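Engineer: got a structure for you, letters missing:
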Ligand code: NAD
């Protein structure tokens, strides 16, 4: 659905009216809409606190982009010449940076920070240059997973990065800038490539103020084609006939996957049109049918010999305040949004349908993180999804991972049904002052689905423009 205010405020006349009235003017976010576009272009400033363990990987990732790289020459930071990198990085003094200079991204390795005093390096890197980040720029810090830190002082200084990045995201969001932290458990710094590329690229346009954790994992055996990372993979997307599910199916297919689109039999026509547009297949099936898990299992086993990616996207809302909620609102919603996902996964595991290194991605919601009036059933189902992902992630073997996305306000038929005032509030109450697009959720799911995301497991990533509600 379209956001009229966004369109008007970006027109020549609308821009001056909005500015005269001092109203927030949402910027047009840069999204990934050029096939094979480099993931990062422009000038990028990179630095590390002394003792940083991720800087080598950061430099090799940045070196694979077309960006020009500079290191800030400050006394508390690692000098350009000591970054152990084959990539060309030129030193740059803070006082030589003109106010008009624009950086596409600021990337900082904070893994060397072990005391709260050391945090000063974060200030010294970002303070002189934060106002030089251009429209739709990127800020990324790499830290050490706080729960894996050896001392409380280190855990404090690493956790501090989260509050820091969330504030930077709020301060810079009106320019379409996003800011995130990637936490690596000690020894897993070589696993940051996939989240680092994602956060630096336009694919993460509507993700901001987030923390992702990576842990040790095997490196993929063959080199990855980053323009078609899902080549040769077979994926199932539930609820694929429209909205977010349709965007997920199209995005996974764009990235090379063969996609099977599932939706209820009543949506067969729309489902076939989506599947045809991407050369995929259809499964017209209600996921709450008692035999659905077995039907899905046999389908993939017989037709494809297995399954590489499952995206549990199908979901409904049945809003009513708790005292007025009929029990069938509760039962149907929990069954579709939560219980059926478990049953399908159980059958896929029991029948050994999942291939090695398979990816399970669930769709939660910020409603499941913050709660919402009239959504006790929906919020319960969506926090249930988070609990499920966090628990199952610890039990998985064979390189299989499970993660969740938690969308905020996304422009779909589901949000079009929200009353006007509540809809407008939902749309604007985030750092980017706008709703997200179904493609934004799909890009996050494609990131989790990538073979390069082997070390990304048990995460819940909000795709909400840093909505003011929730964590
Ligand atoms: P949507 O209503 O447009 O699409 C949901 C799809 O799921 C529909 O095609 C529907 O037919 C299908 N579905 C419902 N019940 C099913 C069943 N029993 N079996 C098979 N398919 C079934 O919704 P959307 O906005 O695209 O949402 C997709 C997912 O994203 C949902 O899980 C939703 O809770 C979640 N979400 C959406 C938003 C948002 O702002 N739109 C925000 C947070 C989370």
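Structural biologist: Now that the structure is in, tell me what you want to look at. Because the structure is predicted, anything quoted here is derived from the model rather than measured. Numbers count the residues shown, from 1 in each chain.

Engineer: List the beta-bridge partners for residue 133.
Structural biologist: Counting by DSSP bridges, residue 133 forms beta bridges with residue 103.

Engineer: can you tell me which residues contact it?
Structural biologist: Applying C-beta atoms under 8 Å, 6 or more residues apart in numbering, we find residue 133 in contact with 102-106, 139, 172, 175, 177. The C-beta positions use only the backbone N, C-alpha and C, and glycine is treated the same way.

Engineer: give me the element residue 140 is part of.
Structural biologist: Element membership of residue 140, judged by DSSP states H and E, is strand 133-144.

Engineer: actually residue 160, sorry about that
Structural biologist: Going by DSSP H and E, residue 160 is part of helix 152-172.

Engineer: go on, residue 343?
Structural biologist: Per DSSP H and E: helix 340-350 holds residue 343.

Engineer: got it, and residue 282?
Structural biologist: Going by DSSP H and E, residue 282 is in strand 281-284.

Engineer: From the chain's centroid, how far away is the very next helix or strand once past that strand?
Structural biologist: Using DSSP H and E, the helix or strand that follows strand 281-284 towards the C-terminus is helix 292-304. Centroid separation between helix 292-304 and its chain, computed with C-alpha atoms, centre = their mean, to the nearest Å, is 29 Å.

Engineer: Neighbouring strands of whichever helix or strand comes after the helix holding residue 343 in the sheet, and parallel or not?
Structural biologist: Using DSSP H and E, the next helix or strand after helix 340-350 towards the C-terminus is strand 354-363. Here strand 354-363 is paired, per DSSP bridges, with strand 307-312 (parallel), strand 401-407 (parallel).

Engineer: And the closest residue to residue 292 other than its chain neighbours, its phi and psi?
Structural biologist: Excluding its sequence neighbours, the residue lying closest to residue 292 (C-beta to C-beta, 6 or more residues apart in numbering) is residue 285, at 5.7 Å. Dihedral pair for residue 285: phi -160, psi 140, per degrees, to the nearest 10.

Engineer: Quick check: residue 285 vs residue 352, distance?
Structural biologist: 21 Å (C-beta to C-beta, to the nearest Å).

Engineer: Show me the contact partners of stretch 86-99.
Structural biologist: Residues contacting stretch 86-99 (C-beta under 8 Å, 6+ apart): 45-46, 59-60, 62-63, 68-74, 79-81, 83, 128-129, 131-132.

Engineer: before we move on, the earlier item: just the buried positions in the strand holding residue 282, please.
Structural biologist: Residues of strand 281-284 classed as buried by neighbour count (16 or more other C-beta atoms under 10 Å): 281-284.

Engineer: you'd agree residue 39 is up against residue 201?
Structural biologist: Yes - at 3.9 Å, residue 39 counts as touching residue 201 under the criterion of C-beta atoms under 8 Å.

Engineer: Checking the helix or strand containing residue 249 against the ligand, do any of its residues make contact.
Structural biologist: Assigned by DSSP H and E, residue 249 belongs to helix 243-254. Yes - using C-beta under 6 Å from any ligand atom, helix 243-254 reaches the ligand at 243-245.

Engineer: For that helix, which helices and strands make contact with it?
Structural biologist: For helix 243-254, the packing partners by 3 or more C-beta pairs under 8 Å, 6 or more residues apart in numbering; DSSP states H and E come out as strand 234-238, strand 258-263, helix 268-277, strand 307-312, helix 438-449.

Engineer: now for the ones you listed, which one comes closest to residue 379?
Structural biologist: Residue 379 sits nearest to strand 307-312 of all those, at 17.1 Å, using C-beta to C-beta.

Engineer: neighbouring contacts of the closest one?
Structural biologist: Contacts of strand 307-312 (C-beta under 8 Å, 6+ apart): 230, 233-238, 245, 248, 252, 257, 300, 341, 344-345, 348, 353-355, 357-363, 385, 445, 449.

Engineer: Also stretch 321-335?
Structural biologist: Under the contact criterion C-beta under 8 Å, 6+ apart, stretch 321-335 has outside partners 288, 316-318, 320, 373-374, 376-378, 380-381, 384.

Engineer: let's see 7 Å
Structural biologist: 288, 316, 318, 320, 373-374, 376-378, 381 (C-beta atoms under 7 Å, 6 or more residues apart in numbering).

Engineer: Of the residues you listed, which belong to helices?
Structural biologist: The helices, defined by DSSP state H, take in 376-378, 381 from the contacts of stretch 321-335.

Engineer: one step back: filter the contacts of stretch 86-99 down to the buried ones.
Structural biologist: 45-46, 59, 62, 69-74, 80, 83, 128-129, 132.

Engineer: can you give me the strands for the stretch 1-150 of the chain?
Structural biologist: Ranges of strands in the stretch 1-150 of the chain, per DSSP state E, counting those that start in this stretch, are 43-48, 68-72, 90-92, 103-109, 133-144.

Engineer: gap between the third one and the chain center?
Structural biologist: Put simply, strand 90-92 sits 31 Å off its chain's centre (C-alpha atoms, centre = their mean).

Engineer: pLDDT averaged over that strand, what's the number?
Structural biologist: The average pLDDT within strand 90-92 is 93.

Engineer: How about the last one?
Structural biologist: For strand 133-144, mean pLDDT rounds to 98.

Engineer: and it, how far from the chain's centre?
Structural biologist: Mean-position distance between strand 133-144 and its chain equals 14 Å (C-alpha atoms, centre = their mean).

Engineer: Now do that strand against strand 103-109, angle only.
Structural biologist: Interaxial angle, strand 133-144 versus strand 103-109 (axes from the mean of the first three to the mean of the last three C-alpha atoms, to 10 degrees): 10 degrees.

Engineer: Pull out the buried positions in strand 133-144.
Structural biologist: Residues of strand 133-144 classed as buried by neighbour count (16+ other C-beta under 10 Å): 133-134, 136-144.

Engineer: Would you mind measuring from residue 40 to residue 81?
Structural biologist: 23 Å.

Engineer: just residue 219 next, same as before
Structural biologist: Counting by C-beta to C-beta, the gap from residue 219 to residue 81 is 28 Å.

Engineer: No more questions from me, cheers.
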